[in-house]
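Chemist: structure, please.
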Amino acid sequence: MKLGFVSSILADWDFKGTIDVASELGFSCVELACWPQGKAERRYGGVSHIDTEGLTKERAADILDCCRQKNVSLSSLAYYPNTMDGDAAKREKAIEHLYSVIEASSSLSVGMVTTFVGRDSQKPVEANLELFAKIWPPIVKFAKERNVKIAIENCPMLFGIDQWPGGQNLFTSPVLWREMFKIIPDDNFGINFDPSHFVWQQMDYIRPIYEFRDRLFHVHFKDIKLLRDKLAECGVLAYPLAFMLPKIPGLGDVDWGKFVSALTDIGYDGAACIEVEDRSFEGSRDMIVKSLVQSKRYIEQFLV
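Modeler: You can find the predicted model right below:
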């Protein structure tokens, strides 16, 4: 298993600085944020450590040379938009950039893109599955032709009034995964699994590892802390941030021993990237680095 981190937390670092941090802290890989250039559209979304739309052969060579020198690989190029947005213009813009990220992943021989499938939050699940069946097969085919795997994260993107109702990502549960894998059975279409999202939804995050072992392409190590007193008052149908807090591994409710044990049971040898969205560690650059150091130290006890 290759231990890395999601680069979004290093929003104030450039590409080289990000790879330097990974090397200095002893990480094997980085899941590199590749949003379009410009202002961030949301928290942790909008970071761009590579301009995929402006990627030249010379720039690609520089990127690969930097990774080789620092002995840090790129586990994936990351872009998490809503490709099924109800607004057609936003949808097309997201899809267009996703194609550029796939192309860049191929050019850099990364071979992986981590993303969302998206969701029209104003339509029911059935209508969204029909939309998925129209939008996503050409994307997966485009990636397959370039030897790139697509790994979909299981975050519902259901956090506040601007993302209610329904959230902004349909790929949220094994029930839906089965339906979507029927629609797209291609072997380059799979999962970027983050157990924290199942914890706050009161779901089993161990059994899916065994059922979907052949679709498990990438893993996130992010923790979640349930605020039991608030959950008792507002329930699971409230905005999730009303009853939970994202934390670094070891400071929340994920049983990392069981999770890593299940990964080793299935022989998972892909990338596992720490995702920091813990606001307790965002006060300064030093605190951000500390969050990576502390997370790595905690997770490594299970990887020995």
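
Chemist: what about the helices in this protein?
Modeler: Applying DSSP state H to the chain gives helices spanning 15-25, 57-70, 88-107, 125-145, 174-183, 195-200, 207-211, 228-234, 256-265, 285-303.

Chemist: want to throw those into CSV with mean pLDDT and distance to His220?
Modeler: Where you see a C-beta, it was placed from the backbone N, CA and C, and this is true even at glycine. Below are the helices of the chain laid out as CSV (pLDDT from 0 to 100; distance: least, C-beta to C-beta, whole Å):
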stretch, mean pLDDT, distance to His220
helix 15-25, 98, 16
helix 57-70, 98, 21
helix 88-107, 97, 18
helix 125-145, 98, 20
helix 174-183, 98, 16
helix 195-200, 97, 8
helix 207-211, 98, 13
helix 228-234, 96, 23
helix 256-265, 98, 11
helix 285-303, 97, 11
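
Chemist: closest to Phe5 out of those?
Modeler: Proximity to Phe5 (C-beta to C-beta) singles out helix 285-303 among the helices of the chain, at 5.7 Å.

Chemist: mind listing what's buried in the closest one?
Modeler: Ile288, Val289, Ser291, Leu292, Gln294, Ser295, Lys296, Tyr298, Ile299, Phe302 (16 or more other C-beta atoms under 10 Å).

Chemist: list of residues touching it?
Modeler: By C-beta atoms under 8 Å, 6 or more residues apart in numbering, the surrounding residues in contact with helix 285-303 are 1, 3, 5, 9-10, 12, 21, 25-27, 221, 248-250, 256-257, 260-261, 272, 274, 276, 278, 281-282.

Chemist: so what's the residue count around Arg178?
Modeler: 11 (other C-beta atoms under 10 Å).

Chemist: tell me who's in contact with Ile248.
Modeler: Per C-beta under 8 Å, 6+ apart, neighbours of Ile248: Lys222, Asp223, Ile274, Val276, Asp278, Phe281, Ser291, Gln294, Ser295, Tyr298.

Chemist: correct me, but the fifth one touches Lys225?
Modeler: Okay, so that is Asp278. No: applying C-beta atoms under 8 Å, one finds Asp278 not in contact with Lys225, separated by 9.2 Å.

Chemist: joint contacts of those two?
Modeler: Leu245, Pro246, Lys247, Leu251.

Chemist: re the thing from before, mean neighbour count, the helices of the chain: which tops it?
Modeler: helix 195-200 (a mean of 23; mean count of other C-beta atoms under 10 Å).

Chemist: which other helices and strands does that one contact?
Modeler: Helices and strands touching helix 195-200, by 3 or more C-beta pairs under 8 Å, 6 or more residues apart in numbering; DSSP states H and E, are strand 223-226.

Chemist: what's the strand it packs on in contact with?
Modeler: Against strand 223-226 from outside (C-beta under 8 Å, 6+ apart): 196-197, 199-200, 243-254, 256, 278.

Chemist: among those, which ones are in strands?
Modeler: Taking DSSP state E, the ones among these that sit in strands are Met244, Leu245, Pro246, Lys247.

Chemist: how about those residues in TSV, adding pLDDT?
Modeler: As requested, those are arranged in TSV below (pLDDT from 0 to 100):
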residue	pLDDT
Met244	95
Leu245	95
Pro246	96
Lys247	98
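
Chemist: quick one: which of those residues is nearest Ser75?
Modeler: Checking the ones in strands among the contacts of strand 223-226 against Ser75 with C-beta to C-beta, the nearest one is Pro246 at 20.3 Å.

Chemist: run a quick neighbour tally on that closest one.
Modeler: By other C-beta under 10 Å, the residues close to Pro246 number 23.

Chemist: contacting residues around it?
Modeler: The contact partners of Pro246, by C-beta under 8 Å, 6+ apart, come to Ser196, Lys222, Asp223, Ile224, Lys225, Gly252, Glu277, Asp278, Arg279.

Chemist: any idea which of those is closest to Thr114?
Modeler: Taking those together and measuring to Thr114 by C-beta to C-beta, the closest member is Lys222, at 13.0 Å.
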